[in-house]
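Q: give the three-dimensional model of this entry:
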Amino acid sequence: MTKVRHAVLVCLACAYASPQSVQTSIPKDPQGTIDGAVSPERIPDSLAIRLFFSAVTAPKSANTQGQARQDAQLKPLQFSPTDLKTMKFHLAEFNDRRAQLSQNTGTSSQAPAQAGGGIQAIADDEFAHLQQDLSADALSRFTAHVRNEKRHMKIYPPPMMP
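A: You can find the predicted model right below:
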């Protein structure tokens with residue numbers, strides 16, 4: 001038993017002394033990165049809304065687990081039942097249109113397809129409908145929430161081409 005304990009201690013000591021266990025610094029963001037934690041005002045509202053839609057969307061046919069995830073993500077907005085139903089409808093519409101675009105263009109659902117303005121145009125259109133369909137209070141809560149979420153976003157510059 002003592003030999004086993006000694007062998008374990010030696011292995012642990014070697015693991016802690018190995019170069020792999022030495023913490024390395026986190027690489028810096030590339031020059032030109034917009035960090036929402038530092039300057040959220042530099043992240044366009046339209047981009048933040050598209051990212052919110054993409055993160056919170058669930059298809060109309062989502063299972064119970066998918067609906068529960070979406071409900072949890074929308075809960076901080078504290079919408080009335082009517083406004084919540086409206087938001088879910090437009091999120092599902094966004095998801096369906098994004099999937100259709102992806103199918104038509106052969107791109108992934110997150111790729112910024114160029115056909116007709118792509119995913120951003122779909123997000124802009126659904127937001128325009130939300131502005132008409134949500135109550136003034138819900139719209140105010142939504143825009144405030146999305147603007148607050150900008151502090152968790154970063155925009156990276158396109159890679160340099162050789």
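Q: work out which residue lies at the spatial centre of this protein.
A: residue 55 (4.4 Å; CA atoms, centre = their mean).
Q: skipping its backbone neighbours, what lies nearest it in space?
A: For residue 55, the nearest residue in space outside its immediate sequence neighbours is residue 73; the separation is 7.2 Å by CB to CB, 6 or more residues apart in numbering. Every residue, glycine included, has its C-beta placed from N, CA and C.
Q: work out for me the element the one you found sits within.
A: Taking DSSP states H and E as the definition, one finds residue 73 inside helix 64-74.
Q: can you give me the strands in the protein?
A: Along the chain, counting by DSSP state E, strands occupy 34-35, 154-155.
Q: now render those as a markdown table, adding distance to residue 63, mean neighbour count and mean pLDDT.
A: A markdown table is the format used below for these (distance: least, CB to CB, whole Å; neighbours: other CB atoms under 10 Å; pLDDT from 0 to 100):
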| stretch | distance to residue 63 | mean neighbour count | mean pLDDT |
| --- | --- | --- | --- |
| strand 34-35 | 36 | 17 | 94 |
| strand 154-155 | 32 | 14 | 92 |
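Q: of all these, which one is nearest residue 69?
A: Across the strands of the chain, the minimum distance to residue 69, taken as CB to CB, is reached by strand 154-155, at 23.5 Å.
Q: what's the closest one packed up against?
A: Strand 154-155 is packed against strand 34-35, with contacts defined by 3 or more CB pairs under 8 Å, 6 or more residues apart in numbering; DSSP states H and E.
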